[in-house]
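Engineer: Provide a 3D model corresponding to the input given below.
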Amino acid sequence: MQGDEARLLLGFPPNSRPSPSQIKAAYRKKVWESHPDLFPVHEKHSAESKFKLIAEAYTCLRSAQD
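Structural biologist: The predicted structure is shown next:
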């Protein structure tokens, strides 16, 4: 996953430079919105996919900060 794609997925504008605390806050918000346990059975697969993408975006942005 590229940086701009990760930023967009977490709700930041492309080419922005969010701080580690902003990244963490955005990650927590998005995870809460897309957690598979909050969806009915017929929507769980889609929610799981989105949940995994959000986790990947968080990892991508955090590793870019280090």
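
Engineer: which SS class is residue 17?
Structural biologist: coil (DSSP: H, G, I helix; E, B strand; the rest coil).

Engineer: counting neighbours, what do you get for it?
Structural biologist: Look at residue 17: counted by other C-beta atoms under 10 Å, it has 10 neighbours. In this view, the C-beta of every residue, glycine as well, is placed from N, C-alpha and C.

Engineer: can you pull the pLDDT of residue 66?
Structural biologist: With respect to pLDDT, residue 66 has a value of 63.

Engineer: elements contacting the top helix by length along the chain?
Structural biologist: Longest helix in the chain, counting residues (DSSP state H): helix 44-65. In this structure, helix 44-65 makes packing contacts with helix 3-9, helix 20-34, judged by 3 or more C-beta pairs under 8 Å, 6 or more residues apart in numbering; DSSP states H and E.

Engineer: which residues touch the residue most central in space within the chain?
Structural biologist: When C-alpha atoms, centre = their mean is applied to the chain, the residue found nearest the centroid is residue 54 (2.7 Å). Residue 54 makes contacts with 9, 10, 27, 30, 31, 34, as judged by C-beta atoms under 8 Å, 6 or more residues apart in numbering.

Engineer: only whichever of those residues are buried, select them in ChimeraX.
Structural biologist: In ChimeraX, this line selects whichever of those come out buried by 16 or more other C-beta atoms under 10 Å:
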select :9,10,27,30,34
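
Engineer: dump the helices and strands packed on helix 44-65 to JSON lines, plus distance to residue 63 and mean pLDDT.
Structural biologist: Formatted as JSON lines, the helices and strands packed on helix 44-65 follow (distance: least, C-beta to C-beta, whole Å; pLDDT from 0 to 100):
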{"stretch": "helix 3-9", "distance to residue 63": "10", "mean pLDDT": "92"}
{"stretch": "helix 20-34", "distance to residue 63": "11", "mean pLDDT": "95"}
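
Engineer: tell me which of these lies nearest to residue 59.
Structural biologist: Of all the helices and strands packed on helix 44-65, helix 3-9 sits nearest to residue 59, with 8.5 Å by C-beta to C-beta.
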